[in-house]
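Visitor: return a 3D structure for these sequence lines:
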Amino acid sequence: MADQNKIQKAYNLIDENVDGRVSVGEICRFMNELEIQMSEDYVRCMLSAHLSKGHDGSDTLEFEEFVHLYQSIFSNVDEELEDESKDFVEAFRVFDLNNDGYICSIELQQVLSRLGLITQGQHHQQCQEMICRFDSDGSGVLDLKGTLSVE
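Guide: Numbers count the residues shown, from 1 in each chain. Below you'll find the predicted structure:
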């Protein structure tokens with residue numbers, strides 16, 4: 001979870017007029033700068049549970065409301081990333097036949113053969129090429145740490 005300083009920086013980035021409140025319009029303009037097109041009505045609808053009325057009658061987010069929104073969004077993202085990491089580790093273990101923490105081209109070939117994706121004894125060169133493509137340290141094998149960092 002992001003610390004308070006990072007959240008404050010994000011808030012300040014969106015608060016164009018530095019009035020201590022983020023308006024629906026400011027959010028729309030910020031999203032548009034990120035090339036994410038959103039109408040004010042759409043943003044207002046999405047954030048309705050978090051918005052309050054500003055002194056000028058516009059719908060705004062004060063910092064504490066923004067923190068709550070930010071945390072609710074990113075706590076879900078953190079949970080999803082954690083679930084994906086667990087799934088990835090389980091998938092990695094399927095290919096790591098000898099449980100040494102590495103996947104070599106022979107293990108890859110054996111698993112693909114068991115799955116019926118290649119014929120046993122064929123395509124070893126292709127398996128080596130697949131390993132090399134994602135081998136971040138040039139060791140000729142995939143390790144869990146290096147594989148997780150591949151984008």
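Visitor: now do the buried residues in the longest helix along the chain.
Guide: The helix that spans the most residues within the chain, counting by DSSP state H, is helix 63-95. For helix 63-95, burial by neighbour count (16 or more other Cβ atoms under 10 Å) applies to Phe63, Glu65, Phe66, Val67, Leu69, Tyr70, Phe92, Phe95. In this view, the C-beta of every residue, glycine as well, is placed from N, C-alpha and C.
Visitor: ok, those vs Gln110, which is closest?
Guide: The closest of those to Gln110 turns out to be Phe95 (Cβ to Cβ; 8.8 Å).
Visitor: show me what the longest helix of the chain is packed against.
Guide: Using 3 or more Cβ pairs under 8 Å, 6 or more residues apart in numbering; DSSP states H and E as the contact criterion, the elements in contact with helix 63-95 are helix 4-14, helix 105-114, helix 144-148.
Visitor: now do whichever helix or strand comes after it: which elements does it pack against?
Guide: Reading on from helix 63-95 to the C-terminus, the next helix or strand found by DSSP states H and E is strand 102-103. In this structure, strand 102-103 packs against strand 142-143, with contacts taken as 3+ Cβ pairs under 8 Å, 6+ apart.
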